[in-house]
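# Got a sequence here, can you model it:
(4 chains)
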Amino acid sequence: MNTKVKIAGVEFKNPVMTASGTFGSGMEYSEFVDLNRLGAVVTKGVASVPWEGNPTPRIAETYGGMLNAIGLQNPGIDVFIERDIPFLKKFDTRIIVNVCGKTVEDYLDVVERLGDTGVDMLEINVSCPNVKEGAIAFGQKADSLYAITSAVKKKARQPVIMKLSPNVTDITEMARAAEAAGADALSMINTLTGMKIDVHKRKFVLANRTGGLSGPAVKPVAVRMVYQTAQAVKIPIIGMGGIANAEDALEFLLAGATAVAVGAMNFANPYTTVEVAEGIEDYMKQYNIEDIHSLIGSVE
Amino acid sequence: MNTKVKIAGVEFKNPVMTASGTFGSGMEYSEFVDLNRLGAVVTKGVASVPWEGNPTPRIAETYGGMLNAIGLQNPGIDVFIERDIPFLKKFDTRIIVNVCGKTVEDYLDVVERLGDTGVDMLEINVSCPNVKEGAIAFGQKADSLYAITSAVKKKARQPVIMKLSPNVTDITEMARAAEAAGADALSMINTLTGMKIDVHKRKFVLANRTGGLSGPAVKPVAVRMVYQTAQAVKIPIIGMGGIANAEDALEFLLAGATAVAVGAMNFANPYTTVEVAEGIEDYMKQYNIEDIHSLIGSVE
Amino acid sequence: MEQKKKVKTKVISQTEIADGIYDMWIETDLAQTAKAGQFLCIYPHNESMLLPRPISICETDREKGRLRIVYRVAGKGTEELSLYHTGRNIRILGNLGNGFPLEAAVGKRVFLIGGGIGIPPMLQLAKDLKQEGKAAEVTVIAGYRNKQLFLKDDMGKYAAVYVATEDGSAGTEGNVMDAIAENGLEADVIMACGPMPMLRAVKRYAEEKGIDAYISLEERMACGVGACLGCVCKTVEKDAHSHVNNARICTDGPVFSAKDVNI
Amino acid sequence: MEQKKKVKTKVISQTEIADGIYDMWIETDLAQTAKAGQFLCIYPHNESMLLPRPISICETDREKGRLRIVYRVAGKGTEELSLYHTGRNIRILGNLGNGFPLEAAVGKRVFLIGGGIGIPPMLQLAKDLKQEGKAAEVTVIAGYRNKQLFLKDDMGKYAAVYVATEDGSAGTEGNVMDAIAENGLEADVIMACGPMPMLRAVKRYAEEKGIDAYISLEERMACGVGACLGCVCKTVEKDAHSHVNNARICTDGPVFSAKDVNI
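Presented below is the predicted three-dimensional model:
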């Protein structure tokens, strides 16, 4: 039984990854799951310098989901290279580094620094709804997405995944722009912008007012966007959005994703990633599926 | 204690309405709730001629929500005028008719026919994701939204509510276009486009493949869009999206909505509309709020 | 017609009567007016599931004020339901749909045909026809997967019961139509509930024999009360609600005259 | 440090010990290693709620292998929890956070200050300090809303307990600082848990007296294990994780030295 998938020449032992920002750099969850069982660890976004992130409260629970407005707090690329990458290299899993920035230069700076670190792929975060500057703007206009993608591709020594925002009218337009600019793969969806109000205090629950909605609540939107995008582009897609179990993950694979990522549900169950990986194998056994590739995009 | 609100000169005894398509023309739910307790009944969309709608399955349950792909099945304006309007006129509640069409002419035809029927307002459905032709297209491009809004306004004898789609990059751009074209009010959000796949059958659950996502799962997106829109336009907003109880409704009012509509949750509890209306009164008593207007847009 | 209502009530008892098939009695005065072929909508407690589960009424006990449902665990909702113990709160909406037309059986030889989880409504139907005593003869033909013949003995109290099993472990090997043929059974009218292929076979059979057949249909539902237009079926004539040959299974049905619907 | 784990276990007992305040014993071997000031995350069964509820450990029974939590019903999650009967399944993640530094009490007169639902962790803390016997003196100052003095008698077994009530119905009318003043209490070190205004007062008091204070903070959490960076607090020095003066309450805390945090 083959569960290996390849994205831009990089082979993954299975299609199960972690969604950036929900798994740190793997250290915290390594107390619960064996990182060697994962196709890849996608790290929390890292910038050229440390970021403080937003004031608290940064978290709000919603019906079947959650809002976060962390604001990409991170230690910056120096600490990341010296601490987080060596930690991840101890495991037999792929390392995908999520890169964030406020200007094109910020992104390029980080991309360059990562060039000789031996990480496997880069995921360019142009869709975080929680930082005022740059970021999201790059991800909601096709021309700016095209521009940053080609700029990153020129500098990148690793294959580049562009992480797309679902807060757009036509996801396929964005996907085609990224593909045209040379992106090696796409990951989707980042969070939907949402808001929660405390009606008793008559105040915004999040200090940032708005936050990013994730969790099972958004899965139908994510599956739809992955399906539409798989029809529109040739580059592989990493699908995510509310994956809680193997069946959820399989929905994304059937819709056309080559790999999947577990995000918010790590918080609801720290064992989710490995349970999903094992559940996919059980499903393949149950239906006598020899190669996982026969599942990808096979919905009718 | 005043719970009355006014939209485009029309007074509603309270801000609680029904979301189009979830309440028929009131007949079915009148077995469960006293329609006289509602601010308004917003009818199922009506077209110039009967529409068959989509093939089944038309319904799929999702985590904290549901997908529907009814496709605006409706008996057409003739039957509607002769059967549904007289039924609703027996109650002391406002009548808002949701109008759908495939071409601008379709819309204008229905709007004209309704001119002398004594219904209180028209809601123009330019955001149904489940009909291939027209409809949604009008609601996702600012210029076409502007065009259809001004065309409808020229013909309409009643105030016009434009119902906006959340499947856009910038809801405020759409809202401003509708306002500029003379819309008297806005209602939002219509459903988010979603998809569900049966991983065991490896088939789309909905015959239409995609459907509209509604229910508590989408509430954070809806509240955010209502808040952003209330900051961007002067015309009143009717807020909806996953309202299950009075606290949900109050979130929309605090975010800037002048009225609210109960949609999918009618299916989860047929008494929801009246429970919301009563719950808002309880809240006002609890916090000694004399006039509901002091709540509207009061979040800080 | 009595008013529909949503009530919060209690589970009286529940047992698993076949693999994955559960038998539950629910305390409710809806029993006073429930008709064979009508259904209930049951709301899960796990609020990640919004929509009520439509489940047909298997038996009604009017004196004691209780309803019986027999259902198969098919997903998360029915799985939750299967865990309810005696005394557990349960929220139900009823009585929904039209039910089978008892009057159509007067003086006739009646087939009650049930397939799989379509068998339960046949119990109350057999009971009513027996108690009314206006049918000339009532014969139940029940199609099962295997020899776990749930409800067979209950139905046997009110009618002759013939069985078909997919694996041949009991009665006729094959489906209900095979059982009818093998036993040379005859009828003047049919009432049936079961999977679509079976209902199509029943419709064909009735046409060949030139007799009436009343079949109970199902489709994914949201509201259960006729408002959402989710659960429609294709009708020969224009439907009363939308005038587009799409009748609402939850309110215009679930029981239709086979010749009125295209299935 | 022992490994954190998520376990599915059972409720041993639950009682309401004051209006809206519940007292639950949970069966789990996490009791063997739980420290005073650590907390558990409890996952609701109603799946419309995804996130675990962080609740501090009130008492541990190592021999019997059970943990006690005392919490206030503050929302849908704790409301569900309050309905759990003996034997009910419960899913918990523990033991989380650092706990109070017992070594800081050695040879010292210690104040254990608890406000409202910040009182529970003081019970196990008083118990540990008493059993270790290395503290010179242990005094509990507990602030309540009214004369429903939950846990007072339990704490009284291990330390002198002074009470303040908002409505003056018991002990000192006012807050914990008023009780300290009114009773002329003195200490060399403070350990505290309670609402932010109380913690700020404790921090100020410790600074004035030139003594150490260890305070337990709370903030909205998602993961509870330090991955999501949701529950941060402002620190004087750069934090070890992100180097941006934002420590993670769930892992770097919840107990901090008052002088290390800006609150």
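
# Tell me the residue of the stretch 201-300 of chain A that sits nearest chain B?
A:P220 (3.0 Å; Cβ to the nearest Cβ). Any C-beta I mention is one placed from the backbone N, CA and C, and that applies to glycine too.

# That residue contacts B:G215, correct?
No. A:P220 is beyond contact range of B:G215, at 10.2 Å (criterion: Cβ atoms under 8 Å).

# shared neighbours of those two, which are they?
B:62, B:65 (Cβ atoms under 8 Å, 6 or more residues apart in numbering or on different chains).

# Give the rounded mean pLDDT of stretch C:194-206.
Across stretch C:194-206, pLDDT averages out at 97.

# What are the neighbouring residues in contact with C:A258?
C:A258 neighbours (Cβ under 8 Å, 6+ apart): C:190, C:199, C:202-203, C:206-207, C:212-215.

# quick check, nearest of those residues to chain A?
The nearest member of the contacts of C:A258 to chain A, counting by Cβ to the nearest Cβ, is C:L199 at 24.4 Å.

# Neighbour count: A:P220 and B:G215, which is higher?
Set A:P220 next to B:G215 and count neighbours by other Cβ atoms under 10 Å in any protein chain shown: A:P220 wins out with 31 against 28.

# Give me the distance between the more buried one and B:G194.
3 Å (Cβ to Cβ, to the nearest Å).

# try A:A183
Applying Cβ to Cβ to A:A183 and B:G194 gives a distance of 25 Å.

# Name the residues of chain A found near chain D, please.
A:21-24, A:28-29, A:31-32, A:44, A:50-53, A:56-61, A:63-66, A:68, A:70, A:73-76, A:79, A:215-216, A:264-271 (Cβ under 8 Å from any Cβ of the partner chain).

# and the residue in the stretch 101-250 of chain C that chain D sits nearest to, what does it touch?
Closest residue of the stretch 101-250 of chain C to chain D, Cβ to the nearest Cβ: C:A222 (17.9 Å). Each residue near C:A222 by Cβ under 8 Å, 6+ apart is listed here: B:59, B:66, B:68, B:264, B:267, C:51, C:228, C:230-231.

# picking that back up, turn the contacts of C:A258 into JSON lines, including distance to A:D248 and neighbour count.
Below are the contacts of C:A258 laid out as JSON lines (distance: Cβ to Cβ, whole Å; neighbours: other Cβ atoms under 10 Å in any protein chain shown):
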{"residue": "C:I190", "distance to A:D248": "43", "neighbour count": "25"}
{"residue": "C:L199", "distance to A:D248": "33", "neighbour count": "24"}
{"residue": "C:V202", "distance to A:D248": "38", "neighbour count": "27"}
{"residue": "C:K203", "distance to A:D248": "39", "neighbour count": "20"}
{"residue": "C:A206", "distance to A:D248": "44", "neighbour count": "22"}
{"residue": "C:E207", "distance to A:D248": "45", "neighbour count": "12"}
{"residue": "C:D212", "distance to A:D248": "46", "neighbour count": "18"}
{"residue": "C:A213", "distance to A:D248": "42", "neighbour count": "24"}
{"residue": "C:Y214", "distance to A:D248": "41", "neighbour count": "25"}
{"residue": "C:I215", "distance to A:D248": "36", "neighbour count": "28"}
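
# So which of these sit within helices?
Mapping the contacts of C:A258 onto helices (DSSP state H) picks out C:199, C:202-203, C:206-207.

# Compute the number of surrounding residues for residue 178.
As the question left the chain open, I've gone with chain A. Around A:A178 there are 30 other residues, counting by other Cβ under 10 Å.

# That was the other one, I meant chain C.
Going by other Cβ under 10 Å, the residues that sit close to C:D178 add up to 16.

# show me the contacts for residue 191.
If you meant another chain, say so; for now it's chain A. A:T191 is in contact with A:68, A:129, A:166, A:211-214, A:218, counting by Cβ under 8 Å, 6+ apart.

# was after chain C, sorry
Contacts of C:M191 were listed using Cβ under 8 Å, 6+ apart, and they are C:37, C:100, C:104-105, C:110-113, C:122, C:125, C:213-215, C:255.

# is stretch C:212-220 anywhere near chain A?
No. Judged by Cβ under 8 Å from any Cβ, stretch C:212-220 and chain A are separated, with a smallest distance of 15.0 Å.

# Can you measure across that stretch, start residue to end residue?
The first and final residues of stretch C:212-220 sit 26 Å from each other (Cα to Cα, to the nearest Å).

# do that stretch and chain B meet?
Yes. For stretch C:212-220, a contact with chain B is found by Cβ under 8 Å from any Cβ, at C:219-220.

# and for that stretch, what are the contacting residues?
So stretch C:212-220 is contacted by B:56-60, C:37, C:54, C:56, C:100-101, C:104, C:118, C:121, C:188-193, C:199, C:202-203, C:205-206, C:230-233, C:249, C:253-259, C:261, C:263 (Cβ under 8 Å, 6+ apart).

# Which residue does chain A have closest to chain C?
A:G64 (5.8 Å).

# Pretty sure that residue sits against A:S214.
No. Taking contacts as Cβ under 8 Å, A:G64 lies outside contact range of A:S214: 10.5 Å.
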